[in-house]
Every structure is written in structure tokens, then in C-alpha cells.
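Chemist: below are the sequence and a predicted model for it; my questions follow.
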Amino acid sequence: MCVNATLAGDTVEYVLSSTGKRDPGWMAVGFGTQMSNNPMVILWSNPDGSTTLSQRIARSWVMPEVVDNPPRIATLSSDLSTSSGNDRYGFTIPWDNSAQTNLIWAFGTQNPGSSAVDAPFQFHLDAGYAHFDLSKPISVNSNEDLSTPSTSAPSTNPASSSSKASPSSSSLTSTNTLPLNAHQRLAFAHAVFCTAGFLLFLPAGALVSRWARTFTPAWYTAHWILQFIVSGLSIFLGLTFGVQSISKSREIEHFNDEHKKWGVILFALYVSQCALGAFIHWVKPKNSQGRPLQNYLHAVFGLILIALGFFQVRTGYKTEWPKAVGRGDLMEGADFMWYTWILILPILYFAGLILLPKQLRQEAVPKSEKEAISGEDSSLLAEQQTEEIGMQQIYRD
């Protein structure tokens, strides 16, 4: 996206044009340094060849709303606006008498599909900021065509209202190339810790339970440490960073979309799963024959929790990150890693079911055998059987 500006008397003429790399559905500029609470001018073309100019303002990182009485009224310049080939939109707006002008810019590839000024539109593909120094001297060149798109945000100050200025360069800066601010760093930390908790440590605990339980009683210790201590710490830190990120931004609201609401629900489900696991381990049903029902519930509930974790992580990096941080989509590598892990993890887990017959045989050892051999401490066979029966209680956790 290119932005050209020409100061002519008491008005400023802006021309927004495409670089040709993408077909713009809409383009916009805003006056200020951030999206919230700053006036914007949004333009898009319609099927009949007309161009819609919509003046809006956003109270936070939400859909900007139409302003009936904007502080400065923008007027569409039809002769500077085209919708064939390289889209270009032009408008004029009264000058605010400030030589230094800060702009934010954005564009999206999906056309709103309506000529109404209040038509909703999809989130921007890219956005950033620019600075215009309108106090710089001009070099007039009558042969220059300002309609030619450039890759910079020019700043001009013509000597009179009838002259055209050759703009000097002031590069458009994409927010994707800027260092992360405090709010964005917290959002990134939230993503890292929650992803590690739900998609790395929780699955690791499930795999330990599935593969190691028939070989050693130590599987349970590894299982609860991974599920409760390691995963719990990672998930708790991720949740804390997420809350702090929203508070730090002062623009994003808590619980205003599905990702945030599901995040709280998922944390509550995780705590419930840990409580169920502790109950199963410490409270044993009397006269139980075989595996109790709550053990199966714990296993199924754990798999559902991990599946919901996959869903939550995907909504986080596909929708929440670009919407809350304003830096566009993450690189394609995130999609590749997500799809790869969601295919590999079920294979690893369900392949462990080949050990299920051995597990069932071990769990089928009756408790009476333990009592029968309890007094035969001098027998090597008794020691081996006692070890197996002792493992039986762990297998059923």
C-alpha cells in the first residue's frame, strides 16, 4: 500500500494506492499513532464503479464505528479514485495546521460487498504507521505524475494551492517489523506457556500413562508430575500473562470474544481433571472388581482436554494474535507445526493400545494372591509376585 499526500492551501489531498502485490478490498488511514480513539477514513470500491468513503472511529481493537460528525470532514476525490487494475482512492480533508502529521494505515483483501458507509469489513491483512513532515521545502516538477504509486509515504508542503510538489520519502512502516511492546510481549509469553502446557506437557503425561504403566510403577509418579506440576505451572503462567497482556493494553477488553471465554473454561476443566485424578488415586472403591468407572472417565476426559487445547491454540494464533496484537497472521510454520502434531500425537497414543492386553492381565491378579504370599518373605518367587501385585494397585490409577 502507498500513501501520497499534498498540502494545498488549507486542505490536504491524500491518495491511497495499491502496490500491485495484493488486490485490496479496502484501504484506510487514521490520524494519530494508534487504532483506538483516533479518526479514520476507510475507502473501498463498489461493483458499479463508485467508491465508498466512510469516516469511523474505534473505541478499542474492535470494528470501527461510523462517526456522524467527525472533527474533520473528508471529501472523496472522484478524479483521483479508480477501481480498475491498480486500485487507487483519493480524498481531501481540511488541514489541521500541524506541520508534523502522524498516520496509521491498513488494508484488507476482502471487499465489504456493500456501498453503505456502515458496512462491516474483515480484519486488515497488514497495518502500520507513517510520519509526514509538511514543513519540508518542495521541488516543483510540472512533468511529475503523482498518480504513480510509490513504496513510501511522502510528505510535501507546496508553496501555493496551485502547485504540485515532488514528495520526499518517509517510509511506511509495517507493524510486523516493529519490536514487540510490553502488551505484545506478554501476549507472546501467554501463547508460549499455554501452548507448552496444553500441547506438550499434558500430552507427554498421557503418553507416559499409556506406554509405561505396564513396565514400572514409577509411571504414576512421572504422570502426576507432568500433569500437575509441570503442566499446571506452565498453564497458570500462561493464563497470568494473558490477563496481564489485556490489562497492559488498556484497549482490549476481558472476555469479549470466544478465545478468552474458552480459555477460562479450559482452565476450569484442567483443574477438574487434576481433582478427578487425585480422587481416583486416594479414594479406592471397596470390593471393586476390575477397573472402576471413574478411571475410564479420567482417561476419556483427559483426551478431550487435550483436543480442546488444540482447538484453543489454533484460535489463538489464527484469530486472537492478529486481532489483539495487530501484526497480521503468524508465519505458515505455525500451521505446519499444528497440523503435524495433531496427526502424530493420536498415532503415538493409540499405538500404545497394543499394551492393553498386558495391562488387563496385570490388573486381573486377584487381591487374595497378595495375602497368600505375604508371609513368604524368604521365597524369591514370593518377592517377585509381591512386586507384581503391588504394581497392580498402581496400574489401576
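Modeler: Everything's here; your move. Residues are numbered from 1 along each chain as shown.
Chemist: helices of the stretch 51-200 of the chain, start to end?
Modeler: 182-196 (DSSP state H, counting those that start in this stretch).
Chemist: quick check: Ser234 touching Ala189?
Modeler: No - counting by CB atoms under 8 Å, Ser234 does not reach Ala189; the two are 11.0 Å apart. The C-beta positions use only the backbone N, C-alpha and C, and glycine is treated the same way.
Chemist: who's more crowded, these two?
Modeler: Ser234 (20 against 17; other CB atoms under 10 Å).
Chemist: list the contacts of the more buried one.
Modeler: 193-194, 196-197, 201 (CB atoms under 8 Å, 6 or more residues apart in numbering).
Chemist: change it to 6 Å
Modeler: Ser234 sits next to 193, 196-197, 201 when contact means CB atoms under 6 Å, 6 or more residues apart in numbering.
Chemist: shaky segments in the chain?
Modeler: For the chain, residues meeting the criterion pLDDT under 70 lie at 61, 83-86, 136-179, 250-251, 288, 326-331, 366-397.
Chemist: now Ser135: how far from Cys2?
Modeler: Distance check for Ser135 against Cys2: by CB to CB, to the nearest Å, it reads 22 Å.
Chemist: these two: who's more crowded?
Modeler: Between Ser135 and Cys2, counted using other CB under 10 Å, Cys2 has the larger neighbour count: 21 against 11.
Chemist: touching, that one and Val15? I think so.
Modeler: No - taking CB atoms under 6 Å as the definition, Cys2 is not a contact partner of Val15, at 8.0 Å.
Chemist: list the contacts for the residue nearest to Ala187 when sequence neighbours are not counted?
Modeler: The shortest distance from Ala187 to any non-neighbouring residue, by CB to CB, 6 or more residues apart in numbering, is to Ser245 (4.3 Å). Listed by CB under 6 Å, 6+ apart, the contact set of Ser245 reads 183, 186-187, 190.
Chemist: quick one: buried residues of the strand or helix carrying Ser245?
Modeler: Following DSSP states H and E, the helix or strand that holds Ser245 is helix 231-249. Applying a neighbour-count criterion of 16 or more other CB atoms under 10 Å, one finds 231-232, 234-239, 241-246, 248-249 buried in helix 231-249.
Chemist: of all those residues, which comes closest to Ile104?
Modeler: Checking these against Ile104 by CB to CB gives Ser249 as the nearest, at 15.7 Å.
Chemist: residues in contact with that closest one?
Modeler: His183.
Chemist: roughly how far apart are it and Pro112?
Modeler: In terms of CB to CB, Ser249 sits 27 Å off from Pro112.
Chemist: cool, and Ile252?
Modeler: In this view, Ile252 and Pro112 are 24 Å apart by CB to CB.
Chemist: how about Thr51: what's its closest non-neighbour residue?
Modeler: Ser81 (4.7 Å).
Chemist: scratch that, Phe91 is what I was asking about
Modeler: Ala74 (4.8 Å).
Chemist: now do His254
Modeler: Using CB to CB, 6+ apart, the closest residue to His254 is Ile246 (5.6 Å).
Chemist: and if you look at Arg314?
Modeler: Arg314 sits nearest to Trp338 (CB to CB, 6+ apart), 6.0 Å away.
Chemist: what about that neighbour, which helix or strand?
Modeler: Judged by DSSP H and E, Trp338 forms part of helix 332-351.
Chemist: and the next helix or strand past that helix?
Modeler: Past helix 332-351, the next helix or strand by DSSP H and E is helix 356-363.
Chemist: my guess is Ala212 contacts Trp219, does it?
Modeler: Yes - with contact defined as CB under 6 Å, Ala212 reaches Trp219; the gap is 3.7 Å.
Chemist: quick one, which of these two is more surrounded?
Modeler: Trp219 (20 against 17).
Chemist: assess the claim that that one and Arg213 are in contact.
Modeler: Yes - counting by CB under 6 Å, Arg213 is a contact partner of Trp219 at 4.6 Å.
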